[in-house]
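Visitor: below: sequence and its predicted model.
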Amino acid sequence: MSNQENICIITGGSSGIGAAIVKCFEQNGYRVFNLDLKPGENGEYVQCDVSDFNATQKAIENIIKQSGRVDVLISNAGRHLSANIENTSEKVFDDLIDLNVKGAFAATQAVLPMMKQQNSGVILYIASDQALIAKSNSFAYCLSKHALAAMAKTTALDYAQFNIRANAICPGTIETPLYHRAIDAYCKRSGADKQEVHREEEALQPIGRLGQPDEVAEYALFLAGDKASFITGALQVIDGGYTTG
Ligand code: NAD
């Protein structure tokens, strides 16, 4: 890393994977701006609903104006939804796509002019193992994560000439508030016991446990850095072996 301060913009950095990334990047010398609905423990908080396209672009443009550059964008804000295609209303579909996909589109479009001017930049999309495989009752979520894989690949191709790299990180099941909310909802619907469901989830992972947010953060730090300079347009799986089986 050079002496100049490296600027990272993240969405959804107040909880779970995003919060671990903010902490890890700050510990490694980045100045981190966090666009979220609520403040987190670390980073410089910018109140923003990332499902609002114009608000997201404005917030990012202001940060870039203030800091004079942007080195890394991490598009992480996302919501989970358990439903098959028949049980997904148009409204719920639009809301999920507005955050998981359009939020990433808005953020990417807002950082590209400065990254092109700098002739450098890294964009990381926090996708999911569901960018590679499907899971049952996961129509809109799975679709949104496949869309992020496409965003990483097309952006990588279109902007390689400007020395901008774009990759999708594809985590398996990571123990975050989102994970706990998802299994709480499942237990409420089915009457299953939470401890039991948690143990079953662990047993589903070839490595025998769930992933931790810090493990994803370390991977993101590597991918954002110069040591990953030949890595672009790729789906970066971090899933304890889940998608190999
Ligand atoms: P989380 O719910 O713990 O954190 C999500 C963060 O996004 C929160 O801080 C929340 O306030 C913020 N957020 C939500 N809606 C927002 C909005 N409209 N505008 C701005 N911020 C908003 O979730 P997590 O598990 O850390 O997930 C982070 C990302 O990782 C998501 O995109 C998720 O799909 C993905 N992911 C999670 C897992 C997992 O098992 N936890 C696995 C694969 C991928």
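Guide: Yes, it's here.
Visitor: and this protein, which residues reach the ligand?
Guide: 11-12, 14-18, 36-38, 48-51, 76-80, 99, 126, 128, 171, 173-174, 176-179 (CB under 6 Å from any ligand atom). For glycine as for every other residue, the C-beta is placed from the backbone atoms N, C-alpha and C.
Visitor: just the buried ones from those residues?
Guide: 11-12, 14-18, 36, 48-51, 76-80, 99, 126, 128, 171, 173-174, 176, 179 (16 or more other CB atoms under 10 Å).
Visitor: not counting its neighbours along the chain, what's nearest Val237?
Guide: Cys170 (4.7 Å; CB to CB, 6 or more residues apart in numbering).
Visitor: quick check, the one you found in contact with Ala234.
Guide: No - Cys170 is beyond contact range of Ala234, at 9.7 Å (criterion: CB atoms under 8 Å).
Visitor: so which of the buried ones among the residues of the chain next to the ligand are in helices?
Guide: Gly16, Ile17, Gly18, Tyr179 (DSSP state H).
Visitor: out of those residues, which comes closest to the ligand?
Guide: Nearest to the ligand out of these is Gly16 (CB to the nearest ligand atom; 2.2 Å).
Visitor: from one end of stretch 125-145 to the other, what's the distance?
Guide: Start-to-end span of stretch 125-145 (CA to CA, to the nearest Å) is 9 Å.
Visitor: what about that stretch, average pLDDT?
Guide: Mean pLDDT, stretch 125-145: 98.
Visitor: longest helix in the protein, by number of residues?
Guide: helix 139-159.
Visitor: show me what counts as buried in that one.
Guide: For helix 139-159, by 16+ other CB under 10 Å, it's 139-149, 151-153, 155-156, 159.
Visitor: now stretch 190-208
Guide: Quick answer for stretch 190-208 (16+ other CB under 10 Å): Val197, His198, Glu201, Gln205.
Visitor: by mean pLDDT, point me to the weakest helix or strand of the protein.
Guide: Least confident helix or strand of the chain, by mean pLDDT, DSSP states H and E, is helix 177-190 with a mean of 92.
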